[in-house]
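Novice: coordinates for the following, if possible.
(one chain, ligands or ions: 1)
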Amino acid sequence: MRKIVIAGNWKMYKTRAESLEFLQGFMSCLTETPEEREIVLCVPFTSLEIVSKNLHGSLVRLGAQNVHWQESGAYTGEISGPMLTELGVRYVIVGHSERRQYFGETDETVNLRLKAAQKYGLIPILCVGETKAQRDAGETETHIFSQLAQDLVDVDQTKLVIAYEPIWAIGTGDTCETKEANRVIGLIRSKLSNPDVPIQYGGSVKPENIDEVMAQPEIDGVLVGGASLEVASFDRIVNYN
Ligand SMILES: O=C(CO)COP(=O)(O)O
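Specialist: Here you go, the predicted structure:
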């Protein structure tokens with residue numbers, strides 16, 4: 001049985017005060033959510049502690065948005081696995097397209113970050129996906145297979161989540177057709193040694209399309225950006241039908 005994982009990626013949004021306000025509103029909505037759905041909030045580093053302290057034993061899991069491969073060292077601006085686990089972090093996004101695009105992360109460093117996350121007891125959410133140009137050139141599969149082949153070297157597939165995020169569908173309102181997302185996710189699964197790895201879809205997931213996305217047989221959850229910032233919309237997403 002594959003696990004359902006619904007994660008919010010807050011990116012560079014919300015101060016500590018705003019994070020707390022969200023959490024207080026969101027926790028009171030969760031009473032209806034089926035327990036087998038794992039809900040994760042990947043918040044900015046500065047909000048990890050306040051969110052951690054206010055989860056009060058709820059089923060919501062804490063997530064971060066990146067992790068360095070060393071335990072400590074002269075790596076200005078980076079954060080290590082032990083720094084995250086100390087705050088109660090359970091999940092960490094690795095290789096998001098915004099990190100690859102704007103901050104020079106490569107498949108090689110993504111692989112190092114994945115292995116470090118697992119070494120320190122974190123479950124990484126590995127993001128893969130193609131650009132519009134790659135899709136238009138018919139290179140979706142080759143690009144994603146190349147990312148997987150490099151990113152997953154020596155990675156334990158029993159402690160892993162993968163998110164398929166077509167870059168052209170992120171923050172654009174331009175959702176990938178659900179059947180197409182389902183097809184690509186099936187192809188990703190065919191490349192894994194563990195068929196039970198939960199594979200999420202990400203890219204313009206909203207209350208309006210969540211039911212259709214989750215009805216697809218290969219899709220085991222979602223990684224949500226913009227629609228995870230508002231209590232009402234994220235509540236609707238985690239309580240999909
Ligand atoms: O990048 C994403 C999640 O990691 C998707 O963002 P949006 O849901 O805002 O399109």
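Novice: which residues sit in contact with the closest residue to the ligand within the chain?
Specialist: Of all residues in the chain, the one sitting closest to the ligand is residue 225 (2.3 Å; CB to the nearest ligand atom). (C-beta placed from N, C-alpha, C; glycine too.) Residue 225 makes contact with 8, 9, 11, 170, 171, 202 under the criterion CB atoms under 8 Å, 6 or more residues apart in numbering.
Novice: neighbours of the residue lying closest to residue 107 once chain neighbours are set aside, how many?
Specialist: Leaving aside its sequence neighbours, residue 107 sits nearest to residue 150 (CB to CB, 6 or more residues apart in numbering; 3.6 Å). Neighbourhood size, residue 150 [other CB atoms under 10 Å]: 13.
Novice: how about the one 5 residues further on?
Specialist: Other residues within reach of residue 155, judged by other CB under 10 Å, total 19.
Novice: assumed it was part of a strand.
Specialist: No: the assignment for residue 155 by DSSP: H, G, I helix; E, B strand; the rest coil gives coil, which leaves it out of any strand.
Novice: pretty sure it contacts residue 112?
Specialist: No: using CB atoms under 8 Å, residue 155 is not in contact with residue 112; the gap is 10.4 Å.
Novice: now do the strands in this structure.
Specialist: Here the chain has its strands, by DSSP state E, at 4-9, 37-42, 60-64, 91-94, 123-128, 161-164, 199-202, 221-224.
Novice: for the residue nearest to residue 97 when sequence neighbours are not counted, give me its contacts.
Specialist: Spatially, and ignoring its direct neighbours in sequence, residue 97 is nearest to residue 167 (4.8 Å; CB to CB, 6+ apart). Going by CB under 8 Å, 6+ apart, residue 167 touches 97, 101, 129, 130, 131, 132.
Novice: same question, residue 12
Specialist: Taking CB under 8 Å, 6+ apart as the criterion, residue 12 is in contact with residue 44.
Novice: so where is the chain shaky, pLDDT-wise?
Specialist: Within the chain, no range satisfies pLDDT under 70.
Novice: show me what from it comes close to the ligand.
Specialist: 9, 96, 165, 170-171, 202-205, 223-227 (CB under 6 Å from any ligand atom).
Novice: any of those buried? List them.
Specialist: With neighbours counted using 16 or more other CB atoms under 10 Å, those contain these buried positions: 9, 96, 165, 170, 202-205, 223-227.
Novice: check those and tell me the two furthest apart.
Specialist: By the measure CB to CB, 96 and 227 form the most distant pair in these, at 16.4 Å.
Novice: so residue 176 makes contact with residue 202?
Specialist: No: counting by CB under 8 Å, residue 176 stays clear of residue 202, with 9.5 Å between them.
Novice: residue contacts, residue 238?
Specialist: Counting by CB under 8 Å, 6+ apart, residue 238 touches 6, 30, 33, 37, 39.
Novice: could you identify the most distant pair in those residues?
Specialist: 6 and 30 (11.5 Å).
Novice: what do the two both touch?
Specialist: Residues touching both residue 6 and residue 30 (CB under 8 Å, 6+ apart) are 39, 238.
Novice: the two - which one has more neighbours?
Specialist: residue 6 (24 against 15).
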